[in-house]
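build the 3D model from these lines:
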Amino acid sequence: MRRWLLFIFILPVFPCFSQDYSNEKTSLANFLKRMHNQTAFEGVKVVEDYDNTYLISALSLDKSKYKSDNILNRVAQVKARQQVSVFLNGSTISSDLIIRTTETKKRADSEIIIETTEILKEHSVGFVNEIELLINFIANTDNNKVVYIFIKRLDKDNNHSKYNNL
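You can find the predicted model right below:
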């Protein structure tokens, strides 16, 4: 009987010592949504609160281009990982410029057409682990666009001051 009474009195104490990480995420999600609605942004940012440093990847996709929500969510996840990978690991960009001229001759007049084509290629190698969807919502400027914000919590042990200057 004493064990049951002790168990009943100690049981309410346990939830008082638990951490509320989901409340932090909800507050951060609401803050980032307000910030995006005020001034739309895309790409990778470093955001700090009092206790944590987060790396966020924001992007918007046109939902009419995809057949289902599952495909839309998967494309968003892949693009977010790509943005974070390029941010953390860098990329190599190569450029090719092709200039093609065509000359058309008519009896007295000649016409020269210059066509310029530029080919840009970006190559990045890296792996991003532990990135999760924080929030997605319909953009306030265009009802056909869905905004995705992914988050990665950065370690407290590492020095992330190099990201803060970007």
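
measure the most centrally placed residue in the chain to residue 99 for me?
Geometric centre of the chain, nearest residue: residue 57, 2.0 Å, by Cα atoms, centre = their mean. As judged by Cβ to Cβ, to the nearest Å, residue 57 and residue 99 stand 37 Å apart. Any C-beta I mention is one placed from the backbone N, CA and C, and that applies to glycine too.

the residue nearest to the centre of the chain against residue 43, yeah?
Yes: with contact defined as Cβ atoms under 8 Å, residue 57 reaches residue 43; the gap is 7.4 Å.

so what sits against both of these two?
Counting by Cβ atoms under 8 Å, 6 or more residues apart in numbering, the common neighbours of residue 57 and residue 43 are residue 83.

any low-confidence regions in the chain?
Residue ranges of the chain with pLDDT under 70: 1-21, 107-108, 156-166.

all helices for it, in order.
All helices of the chain, identified by DSSP state H, fall at 2-10, 21-38, 69-89, 161-164.

now those helices in JSON lines, with distance to residue 49 and mean neighbour count?
Listed next are these as JSON lines, based on distance: least, Cβ to Cβ, whole Å; neighbours: other Cβ atoms under 10 Å:
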{"stretch": "helix 2-10", "distance to residue 49": "33", "mean neighbour count": "8"}
{"stretch": "helix 21-38", "distance to residue 49": "7", "mean neighbour count": "14"}
{"stretch": "helix 69-89", "distance to residue 49": "19", "mean neighbour count": "16"}
{"stretch": "helix 161-164", "distance to residue 49": "13", "mean neighbour count": "11"}
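
using JSON lines, lay out those together with distance to residue 142.
Formatted as JSON lines, the helices of the chain follow (distance: least, Cβ to Cβ, whole Å):
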{"stretch": "helix 2-10", "distance to residue 142": "54"}
{"stretch": "helix 21-38", "distance to residue 142": "12"}
{"stretch": "helix 69-89", "distance to residue 142": "15"}
{"stretch": "helix 161-164", "distance to residue 142": "30"}
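
tell me which of those helices approaches residue 147 most closely.
Proximity to residue 147 (Cβ to Cβ) singles out helix 21-38 among the helices of the chain, at 6.1 Å.

relative to the whole chain's centre, how far out is the closest one?
14 Å (Cα atoms, centre = their mean, to the nearest Å).

please apply the same query to stretch 128-147.
For stretch 128-147, the distance to the chain centre is 8 Å (Cα atoms, centre = their mean).

not counting it itself, show me its contacts.
So stretch 128-147 is contacted by 25, 28-29, 32-33, 36-37, 40, 56-64, 72-73, 76-77, 80-81, 84-85, 88, 148-153 (Cβ under 8 Å, 6+ apart).
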